[in-house]
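> For reference, the sequence and a predicted model appear below.
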Amino acid sequence: MTRSKAIAVARSVTDQERRARLGVRHALAGSARVRSAEAAARAVVCLHATDPPSVHLSCWARSERVGIEDVEHALYETRSLIRQQAMRETLFVFPRDLVPAAWGSASARVAAIHRRRFVKDLERWSAMPEAKGAAWLRAAERAVLDRLADGVPRTSTGLREEVPEVGGFIVQSPDKSWGGKVAVAPRVLTQLGMDGSVARAGNAGAWYASRPTWTTTARWWENDVPDAPTAREGYAELVHRWLWSYGPGTVEDIAWWLGATKGAVRTALEDLDAVGVSLEDGSVGWLRGDDVAPVAAPEPWVALLPLLDPTVMGWKRREFFLGGHGPQLFDSAGNAGTTVWVDGRVVGAWVQDAGGAVQLRLLEAITPAAHEALRAEARRLTELLDGRRVFAVYPSPAMQPPGDG
């Protein structure tokens, strides 16, 4: 599968079929909705977890019955969903059985990048002698793991107080407006988490806030930690699941989602015997060999998705469902805001008023039937949130109050 070799395509896949696949595979159409938080996560491979409420609301949007407590139960009681920093150094919630594949591939890749950057920052912005950063970091990691070995989960703040090795700060870019003191404990924990040595355990805050506690991976997995596969095997498993949920997509789409090289993606596609198809924009997309048949459109459907929802963030090229609305739906850093969907197309955003009620911000005209269905979904979401206002971060232009910019 080299660039110089012509790629044979099995058939053409229209944008309309790609949107139909979204409704079915992402559990967004009414007939495709699922009954558990675990099934919701599997529908999109894994859940984007940068902002805590998104995990719960992404599950809610894909089910008639999954509530806040169900997601909390899966995260902290059965531990069938596991938080893990992986692709693009982003925090995700994975189905438990998929975590080892991430450890061996995407997490290992970003762990190496983070370690190099952290060591460089230690040597540049602290009083540490040159070339001593790597040794200091290894010693700090051992000290943290020794403290967590008693099985008591601790917050980053707690570890700073109990482990002198990580109690300090570095003063990064002191001459810049965005510079200042940076605590080293969170970065040490991030490194250990990417490496698979520690796990985010409970949450010392409410469901809509992020105040994680940490423990060793062995403790969180109850001393039944699976082995990580090789990088090649791990990438193949991630791509295998991505193709089912998001396919067809291009090599560039998959490389962006994985945060990996195009070479790694091409190797995975070869290992999986993926099948090329022609997309409506003239590019070549890829499907699993057992998924080449057309997918029929489901019944008409609507959805209200939270910011950074996996459906919005699953591809590099998103025109087939965004149309021309992209600039209104992402902030300047590329973070997706809330989105309103009708039959596989984004038609606006949603916000909450001062009392917490969900309000629609449509960017185009829609049918009366779709509008009524969206209003019903807004009432359902308002009931779930019960007055709690969420998503103060990453507001897209469409989410801004009229007149703001």
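Received it, and whenever you're ready, just let me know what you need. Numbering: from 1, shown residues only.

> Need the outlier residue of the protein, farthest from its centre.
Relative to the centre of the chain, and counting by Cα atoms, centre = their mean, the farthest-placed residue is residue 129 at 37.3 Å.

> need the contact list for that one.
In this structure, residue 129 makes contact with residue 123, judged by Cβ atoms under 8 Å, 6 or more residues apart in numbering. The C-beta positions use only the backbone N, C-alpha and C, and glycine is treated the same way.

> same question, residue 276
Contact partners of residue 276, counting by Cβ under 8 Å, 6+ apart, are 7, 8, 9, 10, 284, 285, 286.

> and it, bridged to which residues?
For residue 276, the beta-bridge partners are residue 9, residue 286 (DSSP bridges).

> mind listing the strands in the stretch 301-405 of the chain by residue range?
For the stretch 301-405 of the chain, applying DSSP state E, counting those that start in this stretch gives strands covering 302-305, 339-342, 345-352, 358-362.

> and stretch 194-213, how far from the chain's centre?
15 Å (Cα atoms, centre = their mean, to the nearest Å).

> Convert the C-alpha atoms of it to CSV, please.
Output for stretch 194-213, consisting of C-alpha atoms alone and laid out as CSV, is shown next (Å, rounded to 0.1, in the frame of the first residue of the first chain):
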residue,chain,number,x,y,z
MET,A,194,0.9,7.3,29.9
ASP,A,195,3.4,4.6,30.7
GLY,A,196,0.6,2.5,32.2
SER,A,197,2.2,2.5,35.7
VAL,A,198,-0.6,4.4,37.4
ALA,A,199,-4.3,4.8,36.8
ARG,A,200,-6.9,7.5,37.4
ALA,A,201,-8.9,5.9,40.2
GLY,A,202,-11.9,7.8,41.6
ASN,A,203,-12.9,11.4,41.3
ALA,A,204,-12.7,13.6,44.4
GLY,A,205,-15.0,16.1,42.7
ALA,A,206,-18.5,16.0,41.3
TRP,A,207,-19.2,14.2,38.0
TYR,A,208,-18.9,17.4,36.0
ALA,A,209,-15.5,18.3,37.5
SER,A,210,-12.0,16.8,37.3
ARG,A,211,-10.2,16.1,40.5
PRO,A,212,-8.8,12.6,39.9
THR,A,213,-7.3,10.4,42.5
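
> Next, the buried residues of it.
Using 16 or more other Cβ atoms under 10 Å as the test for burial, stretch 194-213 gives 194-203, 207-208, 210, 212-213.

> just stretch 101-118 next, same as before
Residues 101-111, 114-115, 118 are the ones in stretch 101-118 that count as buried (16+ other Cβ under 10 Å).

> for the residues you listed, which one is nearest residue 49?
Proximity of those to residue 49 was ranked by Cβ to Cβ; the top entry is residue 102 with 12.6 Å.

> okay, and for the stretch 51-200 of the chain, where does confidence drop off?
Low-confidence segments of the stretch 51-200 of the chain, defined by pLDDT under 70, are located at 179.

> As a check, name the ranges of all strands in it.
Along the stretch 51-200 of the chain, the stretches classed as strands by DSSP E, counting those that start in this stretch are 81-85, 91-95, 154-155, 169-172, 180-183, 198-203.

> quick one on the thing from earlier: now the residue farthest from the centre of the chain: how far from residue 123?
Look at residue 129 and residue 123: by Cβ to Cβ, to the nearest Å, they are 8 Å apart.

> Ok, residue 295 next?
For residue 295, the distance to residue 123 under the criterion Cβ to Cβ works out to 53 Å.

> Residue nearest the middle of the chain, spatially speaking?
Mean-position check on the chain, Cα atoms, centre = their mean. Result residue 48 at 2.3 Å.

> which ones are touching that one?
Residue 48 touches 54, 55, 58, 90, 92, 308, 309, 310, 313, counting by Cβ under 8 Å, 6+ apart.

> So which of those sit within helices?
In this view, those that belong to helices under DSSP state H are 54, 55, 58, 310, 313.

> could I get these as JSON lines with distance to residue 18?
Formatted as JSON lines, the ones in helices among the contacts of residue 48 follow (distance: Cβ to Cβ, whole Å):
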{"residue": "54", "distance to residue 18": "23"}
{"residue": "55", "distance to residue 18": "25"}
{"residue": "58", "distance to residue 18": "20"}
{"residue": "310", "distance to residue 18": "15"}
{"residue": "313", "distance to residue 18": "16"}
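
> out of these, what pair is the most spread apart?
55 and 313 (13.4 Å).

> Looking at these two, which one has more neighbours?
Remark: of residue 55 and residue 313, residue 55 carries more neighbours, 29 against 21, as counted by other Cβ atoms under 10 Å.

> Do I have it right that the more buried one meets residue 49?
Yes: applying Cβ atoms under 8 Å as the test, residue 55 and residue 49 come out as touching, 5.2 Å apart.

> what touches both of the two?
With contacts taken as Cβ under 8 Å, 6+ apart, the residues that reach both residue 55 and residue 49 are residue 93.
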